[in-house]
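In: I would like to see how this sequence folds:
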Amino acid sequence: MSLLALAAVGVACQNDPLMDVTETDGRPVTVTQLAPSAWVAVEIAGQPSLATDGGRRRPSLVFRSEREVIGSGGCNDFSGPVSGESAAVAFGPFATTRKACDQDIMDQEQRYLEALARGGRLESGMNLLYLVGADGKVAVRFLAATEDTGFEDEPL
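Out: Model prediction:
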C-alpha cells in the first residue's frame, strides 16, 4: 500500500465531520451477521486512531466466527471470545502479545481494549461498524478493512 493512499485516508478521517459525532444512524447488527468480516478502528473514544509501522497498521477487529475475534490494538495482537444476543455484544477476556511501542500507541491500545472489554451494542451503516457503549455514545468507529484502511493481515 502506498504512503500516499494512507495519507489520504488520514486526511479524510481528520476532515470527516462524522468523526466528532457521538451517535450513529446505523442499524443494529449481530455477531452472527458479522462473521466472517474484518474492520479497522478509525476512531476510539472520540479520537482518530493512530497508525503504526509507517501507516500500515491500525487497531483492527476480525470476526473469525460467531464465537471468536482476533485483532490488533495497534501494537499488540489479541484473540478471544465474542458473544452476543441481538445487537448486544461482549468481548473477551483476550490473550494478547506483550510488545512495547511508543507511549501514544500504547495509550491508544489501552483505550481500545478497554472499550472492547466494556462491550455494548453493534450498529452498522454503509461501510462502517459502531461499538456503542452503555451510555449510548460511540466507543469505537470501524471502517471495513482493506489495504487502503491500514489493514495488513489476512483477515479470514
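In: As a check, name the ranges of all helices in this protein.
Out: 3-15, 31-34, 103-118 (DSSP state H).
In: By mean pLDDT, show me the worst of those helices.
Out: Of all the helices of the chain, mean pLDDT reaches its minimum on helix 3-15 (a mean of 37).
In: what residue ranges in the chain score low on pLDDT?
Out: Applying pLDDT under 70 to the chain picks out residues 1-25, 54-55, 147-156.
In: can you pull the contacts of L131?
Out: V89, A115, L116, G119, G120, R121, L122, V138, A139, V140, F142 (C-beta atoms under 8 Å, 6 or more residues apart in numbering). C-beta: built from backbone N, CA, C; applies to glycine.
In: Would you point out the most distant pair within these?
Out: G119 and F142 (14.7 Å; C-beta to C-beta).
In: more crowded one of the two?
Out: Between G119 and F142, F142 has the larger neighbour count (other C-beta atoms under 10 Å), namely 26 against 20.
In: Just the buried subset of the contacts of L131, please.
Out: In the contacts of L131, burial by neighbour count holds for V89, A115, L116, G119, G120, R121, L122, V138, A139, V140, F142, counting by 16 or more other C-beta atoms under 10 Å.
In: Return the residues in contact with the spatially closest residue to S37 that is not a sequence neighbour.
Out: Of all residues not flanking S37 in the chain, F63 sits nearest, at 5.2 Å (C-beta to C-beta, 6 or more residues apart in numbering). Contact analysis of F63 by C-beta under 8 Å, 6+ apart lists V31, L34, A35, P36, S37, A38, W39, V69, V82.
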